[in-house]
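[1] when you get a sec, could you give me coordinates for this:
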Amino acid sequence: MSQLEKVYGVHAVEALLRHHPKRVKQLWLAESRQAPRVQALLELAAQNRVAVGHKERQELDEWAEGVHQGVVAEVSPSQVWGENMLDELLERSEGPALLLVLDGVTDPHNLGACLRTADAAGAQAVIVPKDKSATLNATVRKVACGAAEVIPLVAVTNLARTLEKLQKKGLWVVGTAGEVDQELYQLDMTGPTVLVMGAEGKGMRRLTREHCDYLVKLPMGGSVSSLNVSVATGVCLFEAVRQRRAAGKA
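    Down below sits the predicted model:
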């Protein structure tokens with residue numbers, strides 16, 4: 001039991017029961033939790049023969065790192081994809097590929113929000129370096145609202161080398177940097193694209209930046225100099241979605 005991970009929150013647990021039910025070993029509910037969404041979880045658990053137990057809400061509070069909504073699941077360890085799976089993911093892509101790279105994003109809340117946005121935008125995967133990056137945990141899953149169970153998170157040893165490989169496969173690497181002249185809306189992203197977002201404050205690392213085909217910025221009209229990385233990611237990804245739909249490629 002010590003090897004199991006805890007996933008909490010209605011959305012995250014429901015996504016696991018729908019997409020990876022074999023990973024769920026035990027479902028725990030607060031004794032007072034009787035909402036309709038919880039009834040749906042109970043039905044999914046019954047369909048997949050997942051054991052259900054009840055605990056005092058205070059005990060669930062001690063388990064969870066954040067707001068658990070009275071729902072905690074004990075699951076087998078998270079799957080983070082290896083770099084060798086990128087080829088398979090690209091082969092599955094029906095239209096122009098869209099990948100998101102997070103270079104040094106260490107806040108699990110930002111990673112969870114980026115996973116949720118990437119899934120909503122139809123990206124094939126989110127790529128992170130193995131070192132100096134947030135990885136899948138209960139907080140990420142809770143913030144991702146189920147997306148962490150659907151969109152692959154790929155951890156790579158050498159991000160620059162991975163970008164080179166993707167370029168050789170015909171993908172264009174687009175990095176974001178606040179000090180450049182070209183704006184996001186001036187760039188054509190209807191083709192196979194890798195969007196690279198840097199860490200808050202520091203931005204992209206030098207070597208990552210050097211492997212970008214294009215560098216773009218978001219036009220900032222107010223007194224704030226930059227956006228939260230998860231917000232900026234959403235703006236950039238959905239600009240790609242907008243362009244592809246306008247061009248009939250999505």
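
[2] partner strands of the one helix or strand residue 53 maps to and their direction?
    Residue 53 belongs to strand 51-55 when assigned by DSSP states H and E. Strands that pair with strand 51-55, judged by DSSP bridges, come out as strand 24-30 (parallel).

[3] ok, and for the strand it pairs with, which residues are buried?
    For strand 24-30, burial by neighbour count (16 or more other C-beta atoms under 10 Å) applies to 24, 26, 27, 28, 29, 30. (Each C-beta comes from the backbone N, C-alpha and C, glycine too.)

[4] was I right about the fourth one contacting residue 54?
    Yes. In this structure residue 28 lies within contact range of residue 54 using C-beta atoms under 8 Å: 7.1 Å.

[5] check pLDDT for the buried residues of strand 24-30 and point me to the minimum.
    pLDDT across the buried residues of strand 24-30 is lowest for residue 30, at 85.

[6] surely it is in contact with residue 70?
    Yes. Applying C-beta under 8 Å as the test, residue 30 and residue 70 come out as touching, 3.5 Å apart.

[7] now the common contact residues for those two.
    Common neighbours of residue 30 and residue 70, using C-beta atoms under 8 Å, 6 or more residues apart in numbering, are 57, 60.

[8] how does the chain divide into domains?
    3-73, 81-245 (the TED database).

[9] can you tell me which of the ones you listed is most buried?
    Most buried of the domains of the chain, by mean neighbour count (mean count of other C-beta atoms under 10 Å): domain 81-245, with a mean of 18.

[10] ends of that domain, how far apart?
    End-to-end distance of domain 81-245 (C-alpha to C-alpha, to the nearest Å): 29 Å.

[11] so how far is it from its chain's centroid?
    9 Å (C-alpha atoms, centre = their mean, to the nearest Å).

[12] max-length helix in this structure?
    The helix that spans the most residues within the chain, counting by DSSP state H, is helix 229-246.

[13] what about it, average pLDDT?
    So the average pLDDT for helix 229-246 ends up being 96.

[14] list the contacts for the residue nearest to the spatial centre of the chain?
    Nearest to the mean C-alpha position of the chain, by C-alpha atoms, centre = their mean, lies residue 115 at 1.6 Å. Taking C-beta under 8 Å, 6+ apart, we find residue 115 in contact with 126, 140, 144, 147, 148, 151, 153.

[15] could you report the distance from residue 133 to residue 108?
    According to C-beta to C-beta, to the nearest Å, residue 133 stands 10 Å off from residue 108.

[16] again, but for residue 123
    Counting by C-beta to C-beta, the gap from residue 123 to residue 108 is 19 Å.

[17] can I get the buried residues of strand 24-30 in a markdown table including distance to residue 50?
    Shown next, in a markdown table, are the buried residues of strand 24-30 (distance: C-beta to C-beta, whole Å):
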| residue | distance to residue 50 |
| --- | --- |
| 24 | 5 |
| 26 | 7 |
| 27 | 5 |
| 28 | 11 |
| 29 | 12 |
| 30 | 17 |
